[in-house]
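A.B. asks: what follows is a protein structure lacking sequence information:
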């Protein structure tokens, strides 16, 4: 029997939808890079924004909670929109929304207007975040773990740069200047996405909505793991700087903690999916990262002066948990991966969205950040409990 015909070398090196693998990976990275500065960069700016806008911690927390809620709301519509208008265009629309509403947000120094434009930013972040996993499976189908690690690293890198530069840039003007800089960077990344994805065609998926596997215990465990991971992350990026400003740190010094936390997560986010792909028990990696998260949050409560140690541990653990969570639906074999992933993202972000505002209300009610951080510690403990056993598909 004749040997099967082999594709030409160029085709073997190509990713999906007409892109070579390096070009596809670059596209994923630049898109991911644009999706967190307008969200994570607010944490170091919140003390100044609260003073300028004259708002309590609870209302300030909504500025982070709203984009996270949009990640839940747009997890399903984003993929449907991409099927209609194409992956390249849909992601461009998402990044464009972040840029346009990000530019409008600092124009009028009024809390209702800032919150309204934050909703627009959240829609873009939610759409883009929902499209990244699908784009990975379509653009680099033979390198899904590497692609997941790369876009996770891109998200971490964008968050790191925003958290590290937000307060120093604000020193040159005010918090509005920082948001303007993030907007300009987002515009450059939007152009980079368009430049690297010229040949991309429309999505080649069934034009249906994924069905949530409501009766699947493993699906609910995925929701819990992803929700608690996100709850701890967004709780820390929102209120960690404010907590240390309350302890007498400057806004620049406190903002660097979030930058350092995200920086510690970059290498872990890049390599953890590849490492975990070599094991059939990914839940053990999730459990280990969860235990380190508990240690880090507990350390902030027990020995806050060792902040640099705790934020590095927290960043490494949370940097591992995000890409690991994104890969969990693939561990169920052929049991409705799309449905499990959609339910995990929608339910997980919906629960996590309450964290910033809830923790802010707790801070207003108690006059300190001890109770908010105890809530985060409890979230980490429950996450560990959900990760003890392997996630087996419901039959």
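C.D. replies: Happy to help now that I have it. Everything numeric here is computed off the predicted structure, so don't read it as measured data.

A.B. asks: quick one: contacts for residue 339?
C.D. replies: 210, 211, 212, 213, 219 (Cβ atoms under 8 Å, 6 or more residues apart in numbering). In short, each C-beta sits where N, CA and C put it, glycine included.

A.B. asks: the third one contacts residue 344, doesn't it?
C.D. replies: Just to be clear, that refers to residue 212. No. Residue 212 lies out of contact with residue 344 (Cβ atoms under 8 Å); the separation is 9.7 Å.

A.B. asks: so for those two, which sits in the more crowded spot?
C.D. replies: When neighbours are counted by other Cβ atoms under 10 Å, residue 212 and residue 344 differ, and residue 344 comes out ahead with 25 against 18.

A.B. asks: that one reaches residue 222, doesn't it?
C.D. replies: Yes. Between residue 344 and residue 222 there is a contact under Cβ under 8 Å: 4.3 Å.

A.B. asks: so what sits against both of those two?
C.D. replies: Counting by Cβ under 8 Å, 6+ apart, the common neighbours of residue 344 and residue 222 are 325, 328, 329.

A.B. asks: so how far is residue 331 from the first one?
C.D. replies: Going back to what we said before, that points to residue 325. 11 Å (Cβ to Cβ, to the nearest Å).

A.B. asks: which neighbours do the two share?
C.D. replies: With Cβ under 8 Å, 6+ apart, residue 325 and residue 331 have no common neighbours.

A.B. asks: the more surrounded of those two?
C.D. replies: The neighbour count for residue 325 versus residue 331, taken as other Cβ under 10 Å, is higher for residue 325 (24 against 20).

A.B. asks: element containing the more buried one?
C.D. replies: Assigning secondary structure by DSSP states H and E places residue 325 in helix 307-327.

A.B. asks: quick one: mean pLDDT for the helix or strand following that helix?
C.D. replies: Next in sequence after helix 307-327, counting helices and strands by DSSP H and E, comes helix 337-352. Predicted confidence along helix 337-352 averages 86 (mean pLDDT).

A.B. asks: quick one: helix 337-352 to chain centroid distance?
C.D. replies: 13 Å (Cα atoms, centre = their mean, to the nearest Å).

A.B. asks: which is the next helix or strand following that helix?
C.D. replies: Heading C-terminal from helix 337-352 (DSSP H and E), you reach helix 354-366.

A.B. asks: who touches that next one?
C.D. replies: With Cβ under 8 Å, 6+ apart as the criterion, helix 354-366 contacts 56-65, 68, 230-232, 234-235, 238-239, 242, 369, 371-372, 375-376.

A.B. asks: so of those residues, which ones are in helices?
C.D. replies: Members of those lying in helices (criterion: DSSP state H): 57-65, 68, 230-232, 234-235, 238-239, 242, 371-372, 375-376.

A.B. asks: give me the ChimeraX select line for those residues, limited to the buried ones.
C.D. replies: To isolate the buried ones among these in ChimeraX, judged by 16 or more other Cβ atoms under 10 Å, type:
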select :57,58,59,60,61,62,63,64,65,68,230,231,232,234,235,238,239,242,372,375,376
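
A.B. asks: spatially nearest residue to residue 59 (excluding sequence neighbours)?
C.D. replies: Excluding its sequence neighbours, the residue lying closest to residue 59 (Cβ to Cβ, 6 or more residues apart in numbering) is residue 111, at 6.7 Å.
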